[in-house]
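**Student:** Build the 3D model from these lines:
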Amino acid sequence: MHPDAYEIGLRPLSLQALVAVAEGRATIGLVADPAHRARLEAGADAVKTSLAAGVPLYGASTGVGASVGQEIPPELQSALPMNLVRLHGCGTGEILDESAAAAVVAARATSLARGWSGVRPVVIERLCALVNRRVLPRIPEQGSVGASGDLTPLSYVASLLAGEREASFGGRVLPAAEALDAAGFEPLALRPRETLALMNGTSFMTGLAALAHARASRLARLAAALTAAASDAVRGNPEHFDARLFAQKPHPGSVRCAAWIRDDLARTSPAPAPLRLQDRYSIRCAPHVIGVLLDTLDFARDWLEIELNGANDNPLLDPERGEPVHGGNFYGGHACFALDGIKIAVASVADLLDRQLVLLCDPATNGGLPENLVGATGPERVAHHGMKAMQITASALAAEAQKLTLPASAFSRSTESHNQDKVSMGAIAAREALRAVDLAETVAAISVLAVCQAADLRGADGAAKRARALHAVVRKTVPPLVHDRRQDVDIARVRALLAAGELPIGPFAEAADAEPASS
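**Tutor:** Next up, the predicted model:
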């Protein structure tokens, strides 16, 4: 068994665990508990019992959506499951990468494992096995309005189980049936209600949200590290991060961020005297800006873990009473609002780092460093422009992140013959949150290069703790900027260090480290 193996079905799964599974650092499996397996079987049996008794069951004995009034006769009910999958094979846009696809599949398995969706244990076990073997659906990112669940993107999960459409396996894109065969699986014959249970939930937005949450948590710590390095470089006033200040307005995120910065500013020799009594806001108020992101991540984690572990399709099948219960648990309003909050707070951090970069590059604010952090000396220095173009790139990226901050949750629209007349737009919020994080990470990578350049110009040995640590690692792969050169490669190298967990941003406890919210 994999050393990090998570069981689903009885205990909630945390966002952190979902991300570990998505990234292939852990496995997932249905809990081997006979009582819970019997509960799952009872839910699946309730579907058969309801259909045999002529009890109306949405999506099994009826059409779907506004076509709910269409009665499906018994002789056609076995054809409906795959018709519904094929109907929704209309996703567009970029294909999710493998980690994102794995997050979606694992999230769907987690919800179904609760036992209220009327699917057989084999369906959940197969989803887990596909994630663990990295046989993954090719899921287009567009096509969901986030109510009636993420029908279209999740149809690509159902189609893989049935051996239709395409999958990735072993570094190749294959027809789904070939990928299943290569991994030693046969297609599943999905029963009435099972395909709808797979599709009619919020697992697309939730899987992407887990990845965005983890990356945003890391970004918050990196932003604190960069604030400390920037403050050190411009000879800022460390008093701005004094614990006494934050005790008097104790927003947890701001308190945590200020503590990180204080630790990052530690040094073995006396600190140079501050050049100003009060630094510009992008330094002085950084814990208040980054603190908003940290506190947003805390509340978002609770909401998203309830979404992840909840039964979020329709109808639900009461496994104790054997009755269908029709409702709207597929509505992704909480997930959407949490994701809107994350992307807004992330964009604000990107803007903060962009403003700090300007302070580092402007001789009026950088405490005597060369303009644009130019590394060349002597007469030739006037022919070089250092970090000037990097400022433009960072500004463009920060602006793009800010442009994404319109809340997707405010853009509901009526669709599907006015049946879905109020929708969450959670899938859009998830995609935009990931995009905002990606943009902010690149701004942060540029900021890393700038503080390392400043450390070179000041003398890295005299820098504060975090600046020295960042400088030591970055300079192993990126040389100092002496003469003008292309720097896109430098940005990519720093981003690779961040993605690999090799950039020394400092210790931090992610919000996701907490126990998952009760569901």
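
**Student:** What does the pLDDT read for the residue found closest to D45 once you drop the neighbours it is linked to in the chain?
**Tutor:** Excluding its sequence neighbours, the residue lying closest to D45 (Cβ to Cβ, 6 or more residues apart in numbering) is G322, at 7.2 Å. The C-beta positions use only the backbone N, C-alpha and C, and glycine is treated the same way. We note a pLDDT of 91 for G322 in this prediction.

**Student:** Please apply the same query to D513.
**Tutor:** For D513, pLDDT reads 45.

**Student:** A strand includes Y6, no?
**Tutor:** Yes. Using DSSP: H, G, I helix; E, B strand; the rest coil, the assignment for Y6 is a strand.

**Student:** For it, give me the pLDDT.
**Tutor:** 97.

**Student:** give me the beta-bridge partners of it?
**Tutor:** I28 (DSSP bridges).

**Student:** Number of residues surrounding it?
**Tutor:** 20 (other Cβ atoms under 10 Å).

**Student:** residues touching it, list them.
**Tutor:** Contacts for Y6 (Cβ atoms under 8 Å, 6 or more residues apart in numbering) come out as 13, 17, 20-21, 26-29.

**Student:** could you measure it against V131, distance?
**Tutor:** 11 Å (Cβ to Cβ, to the nearest Å).

**Student:** For S144, give me its contacts.
**Tutor:** Listed by Cβ under 8 Å, 6+ apart, the contact partners of S144 are 150-153, 204-205, 426-428.

**Student:** Which of those residues fall within helices?
**Tutor:** 151-153, 204-205, 426-428 (DSSP state H).

**Student:** picking up where we left off before, what residues do Y6 and V131 have in common as contacts?
**Tutor:** Shared contacts of Y6 and V131, counting by Cβ under 8 Å, 6+ apart, come down to 21, 27-28.

**Student:** dump the residue contacts of R431.
**Tutor:** 141-142, 208.

**Student:** whoops, D295 was the one
**Tutor:** 251-254.

**Student:** Identify the farthest-apart pair in the residues you listed.
**Tutor:** P252 and S254 (7.4 Å; Cβ to Cβ).

**Student:** could you pull out the helices for the stretch 301-450 of the chain?
**Tutor:** 333-361, 388-403, 426-458 (DSSP state H, counting those that start in this stretch).

**Student:** Select, out of those helices, the one closest to D242.
**Tutor:** Closest approach to D242 among the helices of the stretch 301-450 of the chain (Cβ to Cβ): helix 333-361, 19.7 Å.

**Student:** Which neighbouring elements make contact with the closest one?
**Tutor:** Packed against helix 333-361 by the contact rule (3 or more Cβ pairs under 8 Å, 6 or more residues apart in numbering; DSSP states H and E) you find helix 203-233, helix 281-284, helix 286-309, helix 388-403, helix 426-458.

**Student:** Report the distance from that helix to the chain centre.
**Tutor:** From the chain centre to the centre of helix 333-361 is a distance of 14 Å (Cα atoms, centre = their mean, to the nearest Å).

**Student:** cool, stretch 140-153 as well?
**Tutor:** 17 Å.

**Student:** More neighbours: P252 and S254, which one.
**Tutor:** For P252 versus S254, neighbours defined as other Cβ under 10 Å are more numerous around S254 (22 against 13).

**Student:** Find the residue closest to the more buried one in space, skipping its chain neighbours.
**Tutor:** Using Cβ to Cβ, 6+ apart, the nearest residue to S254 is G291, at 3.1 Å.

**Student:** Contacts only, for the one you found.
**Tutor:** G291 makes contacts with 251-258, as judged by Cβ under 8 Å, 6+ apart.

**Student:** any residues touching stretch 269-284, and which ones?
**Tutor:** Contacts for stretch 269-284 (Cβ under 8 Å, 6+ apart): 227, 230-231, 234-240, 265, 352, 355-356, 359, 365, 367, 462, 464.

**Student:** The residue nearest to A228 when sequence neighbours are not counted - how many residues pack around it?
**Tutor:** Closest residue to A228 apart from its sequence neighbours, by Cβ to Cβ, 6+ apart: D264 at 3.4 Å. When neighbours are counted by other Cβ under 10 Å, D264 registers 25.

**Student:** I'd assumed R468 was in contact with D264.
**Tutor:** No. The pair D264 / R468 is not scored as a contact, 10.0 Å apart, by Cβ atoms under 8 Å.

**Student:** Find the centremost residue of this structure, please.
**Tutor:** The centre of the chain sits closest to A212, judged by Cα atoms, centre = their mean, with a distance of 1.7 Å.

**Student:** from memory that residue sits against R435, does it?
**Tutor:** No. Using Cβ under 8 Å as the test, A212 is too far from R435 to be in contact (9.1 Å).

**Student:** Please enumerate the shared neighbours of those two.
**Tutor:** Contacts common to A212 and R435, judged by Cβ under 8 Å, 6+ apart, are K343.

**Student:** For the helices and strands packed on helix 333-361, give me a markdown table that also has distance to R114 and mean pLDDT.
**Tutor:** Shown next, in a markdown table, are the helices and strands packed on helix 333-361 (distance: least, Cβ to Cβ, whole Å; pLDDT from 0 to 100):
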| stretch | distance to R114 | mean pLDDT |
| --- | --- | --- |
| helix 203-233 | 12 | 98 |
| helix 281-284 | 45 | 98 |
| helix 286-309 | 7 | 98 |
| helix 388-403 | 35 | 98 |
| helix 426-458 | 19 | 98 |
